[in-house]
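Novice: Here you go, sequence then predicted model.
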Amino acid sequence: GENVEQHPSTLSVQEGDSAVIKCTYSDSASNYFPWYKQELGKRPQLIIDIRSNVGEKKDQRIAVTLNKTAKHFSLHITETQPEDSAVYFCAAKPGGTSYGKLTFGQGTILTVHP
Amino acid sequence: EAEVAQSPRYKITEKSQAVAFWCDPISGHATLYWYRQILGQGPELLVQFQDESVVDDSQLPKDRFSAERLKGVDSTLKIQPAELGDSAMYLCASSSGTDTQYFGPGTRLTVL
């Protein structure tokens, strides 16, 4: 089955700096890669996703890049703000339909210091 | 904006007792998922429904866990008997037939 590795497990940055979280996956059949943000005690919220026919996707301060050959994808947050502090999870899934298992990474605790 | 609903939000029980969690997916979403999230880890899929049918329950401990979605809408996850190691957040998610999954607020289970 799929195995998703996420690094780093914790990340501390100053407000205004950039943050990068990296994930690798093992199953070449995976072609859908979402990122979720989970604040303490709250539900995971989808913040951005990418499919394997796209190398990069950007939404304001958040971007995701995908290298399908190397089987890794990354989340980039620019101009970080204290409200970006949360746990971030990457995931991978065979795409196209709702079938197929979404496999999550272990999570990254991001702390943005004012 | 429609959201996935779950209840209860918190449940404390003693080991060997039975517990049940309820999930109401976003209206019209045919696919429903139950995940377990142990503190400090990512969610792990327990069971996936397509309408009322189970399509993946490979990670569901079937000796004590059961899940049903009788009318293909809301769903119940049951644990009987609960064990100390079952303490976790139980998340429900739903999907409209695409890749995107929307999560509910979860039920935090503590087994004493």
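Specialist: Received it, and whenever you're ready, just let me know what you need. Residues are numbered from 1 along each chain as shown, chains lettered A, B, ... in the order given.

Novice: dump the residue contacts of the closest residue to chain B within chain A.
Specialist: When scored by CB to the nearest CB, chain A has residue A:104 as its residue closest to chain B, at 3.0 Å. The C-beta positions use only the backbone N, C-alpha and C, and glycine is treated the same way. Neighbour list for residue A:104: A:4, A:36, A:89-91, B:42-44 [criterion: CB atoms under 8 Å, 6 or more residues apart in numbering or on different chains].

Novice: Please pick the buried ones from the residues you listed.
Specialist: Among those, those scoring as buried are A:4, A:36, A:89-91, B:42-44 (criterion: 16 or more other CB atoms under 10 Å in any protein chain shown).

Novice: hmm, back to that, mind checking which of the contacts of residue A:104 are in strands?
Specialist: A:4, A:36, A:89-91, B:44 (DSSP state E).

Novice: Chain neighbours aside, what residue packs nearest to the residue of chain B found nearest chain A?
Specialist: Scanning chain B for proximity to chain A using CB to the nearest CB identifies residue B:42 as nearest, at 3.0 Å. Taking CB to CB, 6 or more residues apart in numbering or on different chains, and ignoring the residues beside it in sequence, residue B:42 has residue A:104 as its nearest neighbour in space, at 3.0 Å.

Novice: Kindly state the pLDDT recorded for residue A:1?
Specialist: Reading off the confidence values, residue A:1 has pLDDT 78.

Novice: can I assume it is in contact with residue A:25?
Specialist: No - with contact defined as CB atoms under 8 Å, residue A:1 does not count as touching residue A:25 (11.0 Å).

Novice: more crowded one of those two?
Specialist: A count of neighbours by other CB atoms under 10 Å in any protein chain shown puts residue A:25 above the other of residue A:1 and residue A:25, at 23 against 8.

Novice: and the more buried one, what does it touch?
Specialist: Contacts of residue A:25 were listed using CB under 8 Å, 6+ apart, and they are A:2-5, A:33, A:71-73, A:92, A:103.

Novice: Show me just the buried residues among the residues you listed.
Specialist: By 16+ other CB under 10 Å, the contacts of residue A:25 give A:2, A:4, A:33, A:71-73, A:92, A:103 as buried.

Novice: got a list of what the residue nearest the centre of chain B touches?
Specialist: Using CA atoms, centre = their mean, the residue of chain B that lies closest to the mean C-alpha position is residue B:34, 3.3 Å off. Listed by CB under 8 Å, 6+ apart, the contact partners of residue B:34 are B:23, B:45-48, B:67, B:75, B:77, B:90-92.
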